[in-house]
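Visitor: Got a sequence here, can you build the structure:
(chains A and B)
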Amino acid sequence: MSDKPASAIKLNVINEPKDSYTGGPSSLCPGCGHDQISSVIISAAWENGIEPHRIAKMSGIGCSSKTPAYYLGQSHGFNTVHGRMPSVTTGAYAINKDLLYLGVSGDGDSASIGIGQLIHAIRRNMDMVYIVENNGVYGLTKGQYSATADVGSKKKKGAVNETQPIDLCALAINLGCTFVARSFSGSKKQLTSLLKAAMSHKGFALIDVISPCVTFNNNDESMRSYSYVKENEVTLHMADYIPHFNPVEEVEVPEGHFKDITLHDGSTIRLETISEEHDPGDAMAALTALHEAETNAKHVTGLLYFDATKPSLAEDLGLVDEALLDVPDETLRPSQASLDALNAEFLA
Amino acid sequence: MSAIVNDFTINIATANGTGSQSANLILLQSLFDMGVPVSGKNLFPSNISGLPTWYIVRLSDKGYQAPGDRTHIQVLVNPATWDEDLEALEPGSVVIWNSDTKGKTVEREDVVSYPVPMSSLARKINPKIAKLVTNIVYVGVLAELLGIDQACLESAVAKQFKGKASAVELNITALGLGRDYCKENLPKADPFTVEARDVAKAQFFIEGNEAAALGAHYGGVQLLSWYPITPSSSLAEGIISYIPRLRTDDEGKATMAVIQAEDELAAAGMVLGAGWAGGRGMTATSGPGISLMQEFIGLAYFAEIPSVFWDVTRVGPSTGLPTRTQQSDIAMLYEGSHGDTQHIVLIPGTVEECFEYGWRAFDYAERFQTPVFGMSDLDLGMNRWACEGFTYPDQPMDRGKVVREQDVFEAFETFGRYLDVDGDGIPYRTLPGSGMAPILYRGTGHNPMGVYSEKPADYYNLMERLKMKIESARDALPAPILREETECEVGIIFLGSMENSIQEIDDILEDTGMKVSQCRVRALPFHSEVEAFVRRHEVVIVLEINRDGQLYGILRRELPNDLVTKVHSVAYSDGMPPRARIYAERILQTLEEVKQ
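Guide: Alright, predicted model coming up:
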């Protein structure tokens, strides 16, 4: 807490300043969409009035998975291994179901190496928020396509992706995921409200956030990016040079409308916010909206699907009411009498 | 013809999925209940139904539990292996065979032949389940020929079918048919008989996997995450089966969670998640599963997450022989995952130790904040072994250096997750949700404060501390079992289920005039007693059930140079539980080579 008088600092419902929810400085490329998502995480947790130490920050491997160091410095976290964050979270959850598990992952983590774990966490309706910071590219290994890259997108070195992308939201809806949303890293307002809702959800909440890579996701318009760099008198052949961009401007698209967003490299993506008439309880409508958007080269954003009726994993496990962590050792270990009885029965 | 009492081997050849396992277990249990020292080995295929299965019953007043060198009594029920099984018999062997088997007969003149129309007898009871009943008919025949006590047989039937009246009645009727047929038609023409023995202490039969499962409960396991794999599934299922009895409250709510994972990777990930959150998580698997878990094993070692992995080993490499036994994961467990690693491995050799290490594994994992392996094998895990009863843990659960209270936390001058405060290499930890000293755990390099670091000194110091931490576990782990001669001539170092063959091997060797001492290793890293044992003996053999001498390799590397030349490897594996003579002969051959 700060020393400043309370009146000068805005506090949330549990009297915490926003500072209680921040983390260390980011080491991602300047302008990275992931940093915008981190700031949304900070806002949403603060606005929801969650005790910061009751949040567990979980991640896998990749640019996205480094971000837990940049928010919620008062929360324990686990930066696990590539694509396996869901299983580690599941194990932690079995022991302490009372924490809010906030998972951050990327498209390599979630759509490739860890797609199996994602699917099974959804299947179990694990109580967690699962954010995919989706940029269609492997950043840390310098720009290979991921399984969410659009057909026709073009790498810096010019190769065009011909392989069909995996739509994680469509996948999740088909699996019966109980909270499915899509957003954009620059849509701070929409993303904050989706994240706040996801944090309150009992069950698995997937938010697929389009978060363009400022460094490697140069697609068909990539020459403009080069020219941008050139205009700034930077030597082009320096392969390890990372141009400094400002984050994508904040964008809010009214419900039922779409807007074209210009990315750092000059390319555009078209975002459409799902209509307010969309019924999030209607999986067919949600899938239709996703497919229509894909056909029209758009990304539809907003809360696509929601189901509050399915039991979450905690209910399926049939555990005692308190978190297993809080069960005393004397209860965990069966009594001497119980072993004596077993021995006697075996001998009978 | 002088009688051969309680010293012979019966081999029963059937097909799996025909119910022969129940019949064989009834035979084994009835002999056991008579006090006859007996062991059973189930050689089963990786298959649901129809493939050849052999069940070997060894009776030995000397207490030898290895499969014998030869078969004395062969039961032939399976036409598929009939000719091969028959041909392998030595002259003078006994053959009890199903004379209803089409196209099969026993024409050898040098064996004692007992034809029994097992199928026709079985059909008399109930034609619909004749195939099932056929098996129990041969048990009746064996009972009559060998002199197995009827009361013991009947109680074994009751145990096998857990008192289910109709099944018990049916089987006792079938036993009687076999007995009566034998009485009326087959005059005794062989020397083999059984005699009841007084047993000093009451014993029961149990599989190692069930014992380890119970042990896990008495260790207060809080999460079992697992993926089915032979031969470990019965360990996981054993844990599950005891939850209602041992781990639920009055409302039927459990104090442990079970999650059947999507694969072994996820199973391991869940174990780590549980350990990270402050709970006791474990998985049970076999070699192929451990191969898949390597990534998480390295993370658990490097990020110092308590975690327990049971490896009930089978024959590798790859899918290998899934239903045969081997000790071939020793190196993989001890040094699991990429990079420099070293892990604690507990190696039970008896069902009592399966139980004990079942609970102790958690104490070691939490005390040393590291992955701990239980290494059993198919022979120990899935066959039944005599047990005098399980001993209740002699100490409270050791939860290790976990800071749970704020005032304890505040007493630290500086708190760092990886700070070696006590100089024993074991740092203190706080738990997620506690609000105390939160850090982002990671598999990347880190400094004592748990912050990402690539600094040479940070990495070097971290790796040295981890080494010291595991080194310091040596003498805290179970000490080897030593059975020493005063002469200290030949010392045999061995491990795990070889326990069941070692006395017979020892006796075969001592018959040649040498004096043999035994040292059964029960944990890695080696206890200091192991080095002392090597130092005391003139020549040391490391005996193990694999091709490459994995335990030998580890010992050789860790012994001081002056002791290395004393130690020699005898490693052999053909998938079978170790037959004493094969290993004894290889030891003799090696000792001969050493002399030259």
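Visitor: can you tell me which residues contact residue 162?
Guide: Defaulting to chain A. Residue A:162 is in contact with A:151, A:152, counting by C-beta atoms under 8 Å, 6 or more residues apart in numbering or on different chains. Bear in mind the C-beta positions are built from the backbone N, C-alpha and C, glycine included.
Visitor: For residue 66, grab the count of nearby residues.
Guide: If you meant another chain, say so; for now it's chain A. 23 (other C-beta atoms under 10 Å in any protein chain shown).
Visitor: not what I meant, chain B
Guide: What residue B:66 shows, counting by other C-beta under 10 Å, is a neighbour count of 28.
Visitor: Any residue of the longest helix belonging to chain A touching chain B?
Guide: Longest helix of chain A, by residue count under DSSP state H: helix A:33-47. No: Helix A:33-47 is not in contact with chain B by C-beta under 8 Å from any C-beta of the partner chain; minimum separation 13.1 Å.
Visitor: what distance separates that helix from the middle of the whole chain?
Guide: 11 Å (C-alpha atoms, centre = their mean, to the nearest Å).
Visitor: Could you give me the buried positions within that helix?
Guide: Within helix A:33-47, the residues that qualify as buried are A:33-47, counting by 16 or more other C-beta atoms under 10 Å in any protein chain shown.
Visitor: residue contacts, residue A:343?
Guide: Counting by C-beta under 8 Å, 6+ apart, residue A:343 has contacts B:389, B:390.
Visitor: Could you rerun that using 6 Å?
Guide: residue B:389 (C-beta atoms under 6 Å, 6 or more residues apart in numbering or on different chains).
Visitor: A strand includes it, no?
Guide: No: read with DSSP: H, G, I helix; E, B strand; the rest coil, residue A:343 is helix and lies in no strand.
Visitor: What's the per-residue pLDDT of it here?
Guide: Listed pLDDT for residue A:343 reads 98.
Visitor: Mind listing residues that contact stretch B:129-148?
Guide: Taking C-beta under 6 Å, 6+ apart as the rule, stretch B:129-148 contacts B:18-20, B:23, B:26-27, B:30, B:75, B:96, B:116, B:118-119, B:121-123, B:125, B:153, B:171, B:174-175, B:178-179, B:182-183, B:193-194.
Visitor: any idea of the pLDDT on the residue of the stretch 51-200 of chain B found nearest chain A?
Guide: Among all residues of the stretch 51-200 of chain B, residue B:159 sits closest to chain A, at 9.1 Å; criterion: C-beta to the nearest C-beta. We have a pLDDT of 92 for residue B:159.
Visitor: From residue B:144, how far off is it?
Guide: Applying C-beta to C-beta, to the nearest Å, the value for residue B:159 to residue B:144 is 21 Å.
Visitor: Skipping adjacent residues, who's closest to residue B:583 in space?
Guide: Spatially, and ignoring its direct neighbours in sequence, residue B:583 is nearest to residue B:505 (5.3 Å; C-beta to C-beta, 6 or more residues apart in numbering or on different chains).
Visitor: Now do the buried residues in the helix or strand encompassing the one you found.
Guide: Applying DSSP states H and E as the criterion places residue B:505 in helix B:499-510. Neighbour-count burial for helix B:499-510, counted by 16+ other C-beta under 10 Å, picks out B:499, B:500, B:501, B:502, B:503, B:504, B:505, B:506, B:508, B:509.
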